[in-house]
Every structure is written in structure tokens, then in C-alpha cells.
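Enquirer: Turn this into a model:
(one chain, ligands or ions: 1)
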Amino acid sequence: MLRNDTLTPRNLTLTPELHGYLLDQGRMTPDPLLAEVIERTGAAIPDQAHMVVAPEEGALLTFLVRLLGARRIVEVGTFTGYSSLCLARGLPADGSLITCDVSAEWTALAQDFWARDGVGDRIELRLGPALDTLRALPAEPHLDLAFIDADKPGYIGYWEELVPRLRPGALLLVDNTLFSGEVIAEQPGEKAAAIREFNAHARRDPRVELVMLPIADGLTLARRLPSGESPVR
Ligand SMILES: C[S@@+](CC[C@H](N)C(=O)[O-])C[C@H]1O[C@@H](n2cnc3c(N)ncnc32)[C@H](O)[C@@H]1O
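Expert: Sure thing, here's the model as predicted:
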């Protein structure tokens with residue numbers, strides 16, 4: 001068994017300059033519409049603007065949708081629509097994204113951006129507590145990808161509704177799973193404690209295999225195992 005102190009973290013501190021280089025060289029710099037989402041969110045909702053996913057994470061969402069050839073997606077946590085745009089842009093013309101939120105005010109901004117991007121017809125906004133929306137979805141496995149990025153104490157409930165609805169091989173992505181590093185604090189705050197409980201819950205789940213990436217605030221990728229397939233680890 002490898003001791004923890006023999007594992008050297010390889011992660012870099014991203015200075016603004018290095019972050020700019022990463023976005024540029026990875027072709028992940030927000031295009032004018034995505035940049036406008038960031039700017040208008042900052043102007044309209046300055047206290048909450050940090051909730052928009054990072055540009056590199058948004059680019060990864062589009063990439064994964066395309067990689068999987070995903071056609072049916074569910075998102076929990078719309079806000080002003082940045083991640084929805086990234087997900088919808090990866091969909092084929094007949095693909096669909098259902099996105100859940102409780103705020104009519106914040107998602108009004110999102111709807112404007114989607115329409116202007118030409119992906120509005122692929123996105124269905126469902127307003128109301130996400131748990132109710134997820135419970136109303138068909139129970140059988142039909143989703144190719146799902147993304148959780150909403151209230152942290154709700155994560156386990158969202159996971160439990162989404163995992164059975166994933167097709168074999170489908171991906172469930174979960175945001176903020178390192179929660180600014182607070183997940184390992186001795187006395188984590190309420191949200192970090194909820195994420196820690198969620199992480200332990202996901203880690204024990206035999207229906208999926210997992211990786212956790214230190215991108216942005218931490219992103220967990222869970223792949224629904226086809227029946228008879230064992231996790232690689
Ligand atoms: C972190 S933000 C989502 C950010 C978004 N993914 C983006 O890239 O801009 C979380 C969102 O979850 C929504 N939310 C909070 N509690 C919710 C609930 N119980 N059901 C549905 N949405 C909820 C909030 O209104 C907020 O817009």
C-alpha cells in the first residue's frame with residue numbers, strides 16, 4: 001500500500017497568466033456570447049457571479065457531450081445559463097437538455113442567451129425544486145449525461161434520482177466536489193460537510209466507476225457501469 005506522503009501532488013497553482021495561456025492554447029477562451037454571459041451575470045448578480053462554471057470546465061462539458069455522442073442530458077442548476085449553453089452546443093440538432101432551477105429571475109437571463117445562440121430549441125427549463133423535476137422523469141435508463149451543480153445538501157438526493165436513469169456507459173458529472181479544499185477541513189461549513197458526505201456516498205456506489213478531477217472547484221465524473229462490468233478500480 002502506497003503511503004500518502006509518497007504521492008506528490010502534480011497540480012499547479014494557476015496564476016492569471018498561466019490560466020490565460022491554458023485557455024488560449026486549449027482553445028477554451030470563452031467566445032463573445034459566453035464572455036457576455038460572464039459579464040452580464042457579474043453586472044446583474046455580483047454576489048453570486050462566482051457560481052458560473054469556469055471556462056475550462058464549460059469547454060470540457062461540450063467536449064464530453066460530443067465525445068459520448070450524448071442526445072439526452074439533464075442538468076441540475078441552470079443559473080444564468082453558461083453550463084447549459086456549453087452542454088447544448090455539444091448536442092446534435094435533435095438532442096435535448098432538461099435543465100432545472102428554482103429562480104425565474106436568474107434563468108430569464110439564461111433563456112435570452114440560449115435563444116441568441118440558436119440552441120434554445122434544444123433546452124427545456126423546468127422551474128421548481130430539482131428533486132421534484134427529477135422524480136417526474138421517466139424511471140428507466142434514458143440519459144446519456146447528467147450534470148449536478150446546485151444546492152450542495154441536495155447532491156445525494158439528485159445522485160439517487162439520476163443514477164438509475166443513466167444508460168449503461170452514461171456519465172454523471174458533479175461539480176464543486178473539492179469545495180475550495182474545505183472538504184478536508186477539521187470543521188467544514190455546512191456546504192463543505194454536505195459535499196464530503198456526498199463524496200463518500202458516491203465512492204461507495206457499486207453502480208458506477210469514478211474519477212475526480214482537480215479542475216476548477218473539483219469535478220467528479222461517474223460512469224454508469226453496464227451490467228456485468230466491474231469497475232477498473
Ligand atoms: C452553482 S449555480 C449553477 C451554475 C450554472 N451551472 C452555471 O454554469 O452558471 C446553482 C443553481 O442552483 C439553483 N438551485 C438551488 N437550489 C435548487 C433546487 N432545490 N432545485 C433546483 N435548483 C436549485 C440556484 O438557483 C442556482 O441557480
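
Enquirer: What residues does residue 71 make contact with?
Expert: Under the criterion of C-beta atoms under 8 Å, 6 or more residues apart in numbering, the neighbours of residue 71 are 91, 92, 94, 95, 96, 144. The way it works is simple: take the backbone N, C-alpha and C, and place the C-beta from them, glycine included.

Enquirer: quick one: it and the ligand, what's the gap?
Expert: Counting by C-beta to the nearest ligand atom, to the nearest Å, the gap from residue 71 to the ligand is 20 Å.

Enquirer: what's the spacing between that residue and residue 165?
Expert: Look at residue 71 and residue 165: by C-beta to C-beta, to the nearest Å, they are 14 Å apart.

Enquirer: Looking at the contacts of residue 71, which two lie furthest apart in space?
Expert: Largest separation among the contacts of residue 71 by C-beta to C-beta: 94 and 144, giving 12.9 Å.

Enquirer: quick one: which of the two has more around it?
Expert: A direct count of neighbours by other C-beta atoms under 10 Å for residue 94 and residue 144 places residue 144 higher, at 21 against 8.

Enquirer: Next one: the more buried one relative to the ligand, how far apart?
Expert: 18 Å.

Enquirer: That residue in helix, strand or coil?
Expert: strand (DSSP: H, G, I helix; E, B strand; the rest coil).

Enquirer: Which residues are in contact with it?
Expert: 68, 69, 70, 71, 72, 73, 166, 167, 170, 171.

Enquirer: show me the contacts for residue 68.
Expert: Counted by C-beta under 8 Å, 6+ apart, residue 68 has contacts 144, 145, 169, 170, 171.

Enquirer: from the residues you listed, which is closest to the ligand?
Expert: Nearest to the ligand, judged by C-beta to the nearest ligand atom, of the contacts of residue 68 is residue 145 at 13.9 Å.

Enquirer: The closest one: how many residues sit nearby?
Expert: Residue 145, neighbours per other C-beta under 10 Å, totals 26.

Enquirer: Isn't it up against residue 67?
Expert: No. Taking contacts as C-beta atoms under 8 Å, residue 145 lies outside contact range of residue 67: 9.9 Å.

Enquirer: Point out where the chain drops to low pLDDT.
Expert: 1, 233 (pLDDT under 70).

Enquirer: which secondary structure element contains the residue nearest the centre of it?
Expert: Closest to where the C-alpha atoms of the chain average out (C-alpha atoms, centre = their mean) is residue 147, at 4.0 Å. Taking DSSP states H and E as the criterion, the element that holds residue 147 is strand 143-148.

Enquirer: need the next SSE after that strand, C-terminal direction.
Expert: Taking DSSP H and E, what comes next after strand 143-148 is helix 155-162.

Enquirer: Mind giving me the packing neighbours of that following helix?
Expert: The helices and strands touching helix 155-162, judged by 3 or more C-beta pairs under 8 Å, 6 or more residues apart in numbering; DSSP states H and E, are helix 130-135, strand 143-148, strand 166-175, helix 190-203.
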